[in-house]
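> need a structure here:
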Amino acid sequence: MKSIYVKGNTYVLDLDLLYLPFYRIDDKNIILLDTGYMHNDRERLTSYLEKNQLNVAGILCSHAHIDHVGNAAYFKEKYGCPVAMTREEAGVVDSVMSLKKFYANYSIRTVQEHFGHMMVKTDRIIEAEEKEITFCGVVFKILHTPGHSTGHITITTPDDVTYIGDALISYEVMDSAKLPYAYILTQDIASKMKLYSLRSSHYVLAHKGIYPDVKDLITDNIYFYRNRAEEILAVITKPMTKEEILQTVALTMRIRIDSTFKYLVVERMLQCYVEYLLETDRIQLCVQDLSLKYVPK
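Here you go, the predicted structure:
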């Protein structure tokens, strides 16, 4: 794992699957912007912090997905530091029951086993109207970008470096991703459009890159997600159940589903595109043969 200098006191840790930014308050104290996966990243993050004699003074989260808050509770307990995130995201990871609401297609036991480590109490709630916060004595600019998750935010450090989080994905990810996730795709696209208003010297994408400008990337992201929805629409040639759509999409896009857990993951990813097609009046629902089916308009 290597540390990448971006600008001023803003750095990025390369965790292979994602970039994890941090802001240096001084020679010893840092603020983490997200915390990575538990299984992939905890041990090496801990090793890096100890080797470099760094103290985590605070954790500022872009959103509460497993690869972003996977170590929030762990570092909060280890360093006694506060955690900040939006009210919507804090509500997701407040308890097992709140996680169950988010992971609705999983049993409560599965939620506890696979996602229980995500639970963390938020000390600083970021409200929807806040465009700037002071956290651990440092002023960060906030742009609310819901869609990928309910309360996703982008974070701009005092060095004029904006952490985009998962509001955008890189060209490399677009080349390899079959069904990139969004909680509500219509909101996600609207938030991508909001990113055109940003004026920063550098932009950090969690998945994954550092860019001097993201205007073309924003346009290409919007096209990419819309095009994925069109590809899914193309397979709905007759009244189909969601399971039939999933099976056809998996075959068409060569998505390997070899376990119940992978099936549930793909089902969650597909859901946002089906909902987007409903919300944009490209398909409609009907009941046929005692089954709920989707029909092209």
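> What's the local residue count around Ala90?
Residues lying near Ala90 (other Cβ atoms under 10 Å) number 23. No exception for glycine: its C-beta is placed from N, CA and C like everyone else's.
> and what of the one 10 residues further on?
Lys100 has 16 neighbours, counted by other Cβ under 10 Å.
> again with the one 3 residues further on
Residue neighbour count, defined by other Cβ under 10 Å, stands at 18 for Tyr103.
> so it sits right up against Phe115, yeah?
Yes. At 6.1 Å, Tyr103 counts as touching Phe115 under the criterion of Cβ atoms under 8 Å.
> Not counting stretch 1-18 itself, show me its contacts.
For stretch 1-18, contacts defined as Cβ atoms under 8 Å, 6 or more residues apart in numbering pick out 19-25, 36-37, 40-41, 44-45, 48, 67, 157-161, 201-202, 204, 206-208, 210.
> could you give the mean pLDDT of it?
Mean per-residue pLDDT for stretch 1-18: 95.
> host element of Asp159?
If you go by DSSP states H and E, Asp159 is not part of any helix or strand.
> now it: how far from Ala64?
Distance, Asp159 to Ala64, using Cβ to Cβ, to the nearest Å: 25 Å.
> just Thr280 next, same as before
Distance from Thr280 to Ala64, by Cβ to Cβ: 27 Å.
> who has more neighbours, the two?
Of the pair Thr280 and Ala64, Ala64 is the one with more neighbours under other Cβ under 10 Å, namely 29 against 14.
> Kindly state the pLDDT recorded for the more buried one?
Confidence score, pLDDT, at Ala64: 97.
> got it, and Lys297?
The predicted local confidence for Lys297 is 87.
> my guess is it meets Ile283, correct?
Yes. Counting by Cβ under 8 Å, Lys297 touches Ile283, with 6.1 Å between them.
> In stretch 242-249, which residues are buried?
Within stretch 242-249, the residues that count as buried by 16 or more other Cβ atoms under 10 Å are 244-246, 248-249.
> same question, stretch 175-190
179-185, 187-189.
> Mind checking which of Lys297 and Ile283 has more residues around it?
Comparing Lys297 with Ile283 by other Cβ under 10 Å, the one with more neighbours is Ile283, at 23 against 10.
> Please report the distance of that one from Lys238.
Distance from Ile283 to Lys238, by Cβ to Cβ: 11 Å.
> And for His39?
42 Å.
> same check, this time on Asn227
Counting by Cβ to Cβ, the gap from Asn227 to Lys238 is 22 Å.
> and Glu77, that's in a helix?
Yes. Counting by DSSP: H, G, I helix; E, B strand; the rest coil, Glu77 is part of a helix.
> Just give the number of residues close to it.
Glu77, neighbours per other Cβ under 10 Å, totals 10.
> If we ignore the residues flanking it in sequence, what's nearest Glu279?
Using Cβ to Cβ, 6 or more residues apart in numbering and skipping residues adjacent in sequence, the residue nearest Glu279 is Thr186, 5.2 Å away.
> Can you pick out the most distant pair from the buried residues of stretch 175-190?
Using Cβ to Cβ, the buried residues of stretch 175-190 span at most 17.4 Å, a distance reached by Leu179 and Gln187.
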